[in-house]
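Engineer: take this sequence and fold it.
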Amino acid sequence: MGPPRSKKRRPTFRRLLKTSGVKLENKLQNRQLRQQNAAKKQRKEQKKLRQAVKDTVLRTPRPLETYRKRPEEEEEEEEEEEFLESLPTDMMDEGDLQQMTDMAHKASFITRDLSSCEPVHSSKKRRSEVVRRYEKVPRKLAKMEEKEVIHLLPIKDKTGIIPQRVERVIKNQEKEEEEEDAELEQVENGPGAEPESVSFYTAEELERIRVQKINQRKIRIASLGSAIVSDPVSNMKRLKELRSLLMEADPSVAVTVRKMVMVSLMEIFKDIAPTYRIRPLTSAEKATKVKKETQQLREFEEGLVSQYKFYLEDTEQIIRDWKQKKKKRSQAVGFQSYFSLAHVAVRCLCELLLALPHFNFHNNILVVLVPLMNDPNKKVSAMCCEAVRKLFQQDKVGGASLATVRVISGLIKSLNFNVRPEMLRTLMSLRIKEVEMKKDIMDTAPKNKFMNNKEKRKNLSRMQRKWKKAEEKLEKELLEAEASESKETKIKLHTETLNIVFLIYFRILKKAQKSILLPAVLEGLANFAHLINLEFFDDLLNVLQNLIQSGDLTNRERLHCIQTAFTILSGQGDVLYVDPLKFYSELYKMLPRFHAGASSDDIIIVLRCLDAMLTRRRKQVTLQRAMAFVKRLSTLSLHMLPNASMGILSASRAAMHAFPKCDLLLDNEVQGSGFFLPELDEPEHCNAQNTALWELHTLQRHYHPVVRQFAVHLCHGAPSEGSAVLSVELSRRSPQELFSDYSVKDMTFNPPVSAPRSKKKDRFVVGETLLDAELQRRVHGVLNATKDTELDFTIAHTHTH
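Structural biologist: Take a look at the predicted model:
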């Protein structure tokens, strides 16, 4: 038999609904009653105060007894004075005499004139009520006690449900004291707290006082900072004291002191922050007893995290004040000062973002800085973009990069793609070289790392099983003790990061093709095209082809489309049977548009496209197409800058090595029917085999020595040995490296130009055939004369034959 059932019935849902309704009604009634009582008490107190003030103003205090003097009284006063003079005042003190006089005046029942005065008792009673009523008035407005009504379980009677409640007084004494202290501090530190004597100082004296104050603050900041860095565990309170200087109230030095404190705290946190993330302690860990050193370390970590959090909140508030300054004017600091403060705060956050990517609140810093990448102020935007770019470059694991890319993706989506292109160009700095590609089912199936029990019994003996078990245990312990991130985790983070990046790019290609972000998107796709999954290739190639045919793109954007397409086809896309003839024709048509008068920054993209189109796809390219590109490249090299000409000639050399039959262009004889059509934009049908590379003979007289070497080398068929062979230094460089190494962007010539020889001769050489012997002798005498010798030109010269 089980335990007896409880006879108490469970309340039904309908009953619960009824009681809940009663509770809600009781709460509303109590709230209304409290409000009415508070208002009633306040009205009563105000009425009493007004009545008391009115009584004190209208009824001025009068003496209790009033009488008018008569001549008889004057005589009595004279007699009193004579009586006082007759007293032995020498034997009495002045205090005793005064006391006797006062006692005589108080004797009203002797001196009062009953016929001339009214009864005193009625007026005395009435006026005493005035005093008593005034005394009853409180010095301050009586504080009303807030009461909290606690609802108890209702009682059910024959009449129905009777609600039960208990009132409890809420004590707000501490809050009121804090508010009073805050008001006092606000009054003391307000703008009116400055003494009026400041206006009497001259400008030089004010500047000298300001410099003195700044020096005092510097010494204080330096002393606190050195103490914290020397022993951060025991000096955590000084860190709080240093952070309190961020609230400097002196308007003459507030901006300078706040800047110094922000930078000092930033450097201190960079020095004392540990190399691990501090997690909060659980309740069980707090309850356990630990060593004194462990407890001290815990207190240090807890204090460090709290102070670091407060510092980040202060800097974020400074930035928020600057952003909202146009809407609400601050009374303490001007707009320019707030901008400089915000500039320093942003710089500090950028430094902490790079120095402490592993520490607490790193994602909070990202949430503050990423929206500032799209700030209208170019300085702030460039600073934040550079910080994010450096973070991508130095992130080896991928966790910080993944968090940053997530915030950027959310911001771009929330702003409906109205962001600066620099924000998207920062994604080019991601260090992603390997990701997880989709494989077959057999490859993706989980593999058993350790043998199960059946396999062990079947294949291993007892001793082998024992050794195998110990070996597996050791391997597990080594994997757990390994501090560095495994390669699988790294690849997983990189894959997730790249998926978000491609989501940003594809979203812009689909919804905002005419935005200013399209060049950055195409550039990013060209950079990460070798990591795109195979299932997106067809759709992406169609989108790129439609963009090129639309005619709305610039030359650089078209080059990025071509580079993206051929990067896809040269990687995983080589299994696709796609002939990108339109992309070849587009690049062939674009080459004559480049010249030395325009910017040569796009040539580097042309060289990358040529490498992907001709060199890597040599098996899919026909000879006619390759010869057409070599001929047009040699024509293009005539009117380009030296570094661009070197890169183009190096690309022509690589094409001649990939297609050896291109040496037909070095012969003057015509190979086949027809004639060359240089204006035709189709490389397959321009009959390039019927022309020659006559441009190389012109380039052999180029002013740049390296261009001359390439021209001579190509004229001889690009040999690998012989007199016309290139030097090892030039032959091992790629076209892109040659373009960058010999760039004239810095107005320098590589190799440097030798200085011209001086035409001025050191000494005067006289031809003997033009002068006679006597003149020759005199010239030698003048040239060889010492400095002390004085020349006399007045002596007559006699010519001798």
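
Engineer: below-threshold pLDDT in the stretch 701-801 of the chain: ranges please.
Structural biologist: Within the stretch 701-801 of the chain, the ranges that satisfy pLDDT under 70 run 758-771, 785-801.

Engineer: same check, this time on the stretch 151-300 of the chain
Structural biologist: Using pLDDT under 70, the stretch 151-300 of the chain drops low at 169-199.

Engineer: mind running it again at 50?
Structural biologist: Applying pLDDT under 50 to the stretch 151-300 of the chain picks out residues 184, 187-198.

Engineer: same question for the stretch 351-500 of the chain.
Structural biologist: Looking at the stretch 351-500 of the chain by pLDDT under 50, you get 439-448, 483-484.

Engineer: same thing but at 90, please
Structural biologist: For the stretch 351-500 of the chain, applying pLDDT under 90 flags the ranges 396-398, 417, 431-492.

Engineer: got the residue ranges for the helices in it?
Structural biologist: In the stretch 351-500 of the chain, the helices defined using DSSP state H, counting those that start in this stretch lie at 362-372, 378-394, 399-414, 421-425, 441-444, 453-459, 462-481, 487-511.

Engineer: adding mean neighbour count, write these out as JSON lines.
Structural biologist: Just so you know, the C-beta spots here come from the backbone N, C-alpha and C atoms, and that holds for glycine as well. Output for those, formatted as JSON lines (neighbours: other CB atoms under 10 Å):
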{"stretch": "helix 362-372", "mean neighbour count": "19"}
{"stretch": "helix 378-394", "mean neighbour count": "18"}
{"stretch": "helix 399-414", "mean neighbour count": "19"}
{"stretch": "helix 421-425", "mean neighbour count": "19"}
{"stretch": "helix 441-444", "mean neighbour count": "8"}
{"stretch": "helix 453-459", "mean neighbour count": "11"}
{"stretch": "helix 462-481", "mean neighbour count": "11"}
{"stretch": "helix 487-511", "mean neighbour count": "17"}
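
Engineer: could you dump those helices to CSV with distance to L245?
Structural biologist: Shown next, in CSV, are the helices of the stretch 351-500 of the chain (distance: least, CB to CB, whole Å):
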stretch, distance to L245
helix 362-372, 22
helix 378-394, 24
helix 399-414, 31
helix 421-425, 35
helix 441-444, 58
helix 453-459, 67
helix 462-481, 44
helix 487-511, 40
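
Engineer: between these, which one is nearest to N215?
Structural biologist: Among these, the nearest to N215 by CB to CB is helix 378-394 (29.4 Å).

Engineer: how far off centre is the closest one?
Structural biologist: 8 Å (CA atoms, centre = their mean, to the nearest Å).

Engineer: what stretches of the stretch 501-650 of the chain score poorly on pLDDT?
Structural biologist: Looking along the stretch 501-650 of the chain with the criterion set at pLDDT under 90, you get 509-516, 518-519, 522-523, 525-558, 560, 563-582, 592-602, 612, 615-621, 639.

Engineer: swap the cut-off to 50 and go again
Structural biologist: Those would be none, if you go by pLDDT under 50 across the stretch 501-650 of the chain.

Engineer: same check on the stretch 1-150 of the chain?
Structural biologist: In the stretch 1-150 of the chain, residues with pLDDT under 50: 64-67, 107-125, 128, 142.

Engineer: switch the cut-off to 80
Structural biologist: Across the stretch 1-150 of the chain, the ranges flagged by pLDDT under 80 are 1-27, 52-150.

Engineer: which residue ranges of the stretch 151-300 of the chain form strands?
Structural biologist: 161-170 (DSSP state E, counting those that start in this stretch).

Engineer: before we move on, back to that, nearest to A651, out of the helices of the stretch 351-500 of the chain?
Structural biologist: helix 421-425 (26.2 Å).

Engineer: other residues contacting the closest one?
Structural biologist: Applying CB atoms under 8 Å, 6 or more residues apart in numbering, the contact partners of helix 421-425 are 373-374, 381-382, 385, 408, 411-412, 504, 516-517, 519-521, 523-524.

Engineer: closest one of the residues you listed to L730?
Structural biologist: E523 (29.2 Å).

Engineer: got the angle for the helix or strand hosting that closest one vs helix 487-511?
Structural biologist: Applying DSSP states H and E as the criterion places E523 in helix 518-528. Computed by axes from the mean of the first three to the mean of the last three CA atoms, to 10 degrees, the angle separating helix 518-528 from helix 487-511 equals 150 degrees.

Engineer: packing partners for helix 518-528?
Structural biologist: helix 421-425, helix 487-511, helix 555-570 (3 or more CB pairs under 8 Å, 6 or more residues apart in numbering; DSSP states H and E).

Engineer: contacts for the second one, please.
Structural biologist: Counting contacts by CB under 8 Å, 6+ apart, the residues outside helix 487-511 that touch it are 396-399, 401-402, 405-406, 408-409, 412-413, 417, 424, 427, 430, 432-436, 515, 517-518, 521, 524-525, 528, 531-532, 536, 543.

Engineer: which residues touch stretch 392-402?
Structural biologist: 354, 357, 362, 391, 404, 426-427, 429-432, 485, 489-490, 493-494, 496-497, 500.

Engineer: rerun at 7 Å
Structural biologist: Contacts to stretch 392-402, defined as CB atoms under 7 Å, 6 or more residues apart in numbering, come from residues 357, 362, 391, 426, 429-431, 485, 490, 493-494, 496-497.

Engineer: which stretches in the stretch 701-801 of the chain count as helices?
Structural biologist: Going by DSSP H, counting those that start in this stretch, the stretch 701-801 of the chain shows helices at 705-715, 728-731, 735-741, 773-783.

Engineer: the stretch 201-350 of the chain: helices as residue ranges?
Structural biologist: So, for the stretch 201-350 of the chain - with DSSP H, counting those that start in this stretch - the helices run 203-230, 236-244, 254-272, 283-287, 292-323, 335-355.

Engineer: what angle do the second one and helix 254-272 make?
Structural biologist: I take that to be helix 236-244. 150 degrees.

Engineer: next one: the last one
Structural biologist: Counting by the same axes, to 10 degrees, helix 335-355 lies at 0 degrees to helix 254-272.

Engineer: over to the longest one?
Structural biologist: Angle, helix 292-323 to helix 254-272, by the same axes, to 10 degrees: 140 degrees.

Engineer: so how far is helix 292-323 from its chain's centroid?
Structural biologist: 18 Å.

Engineer: in that helix, what's buried?
Structural biologist: 300-301, 303-305, 307-308, 311-312, 314-316, 318-319, 321-322 (16 or more other CB atoms under 10 Å).

Engineer: cool, the last one as well?
Structural biologist: Buried positions in helix 335-355, judged by neighbour count with 16+ other CB under 10 Å: 337-354.

Engineer: please apply the same query to the third one.
Structural biologist: For helix 254-272, the neighbour count (16+ other CB under 10 Å) marks 254-266, 268-269, 272 as buried.

Engineer: relative to K44, which of the helices of the stretch 201-350 of the chain is closest?
Structural biologist: helix 292-323 (44.0 Å).

Engineer: can you name every helix or strand that that closest one contacts?
Structural biologist: Secondary-structure packing of helix 292-323 (3 or more CB pairs under 7 Å, 6 or more residues apart in numbering; DSSP states H and E): helix 236-244, helix 254-272, helix 335-355, helix 362-372.

Engineer: can you say which of those helices is nearest to V229?
Structural biologist: Closest among the helices and strands packed on helix 292-323, once you apply CB to CB, is helix 254-272, at 5.5 Å.

Engineer: quick check: which helices or strands does the closest one pack against?
Structural biologist: helix 203-230, helix 236-244, helix 292-323, helix 335-355.

Engineer: what's the angle from the second one to helix 203-230?
Structural biologist: Computed by the same axes, to 10 degrees, the angle separating helix 236-244 from helix 203-230 equals 150 degrees.

Engineer: what sits up against helix 236-244?
Structural biologist: Contacts for helix 236-244 (CB under 7 Å, 6+ apart): 221, 224-225, 227-228, 261, 264-265, 300, 303, 307, 310-311.
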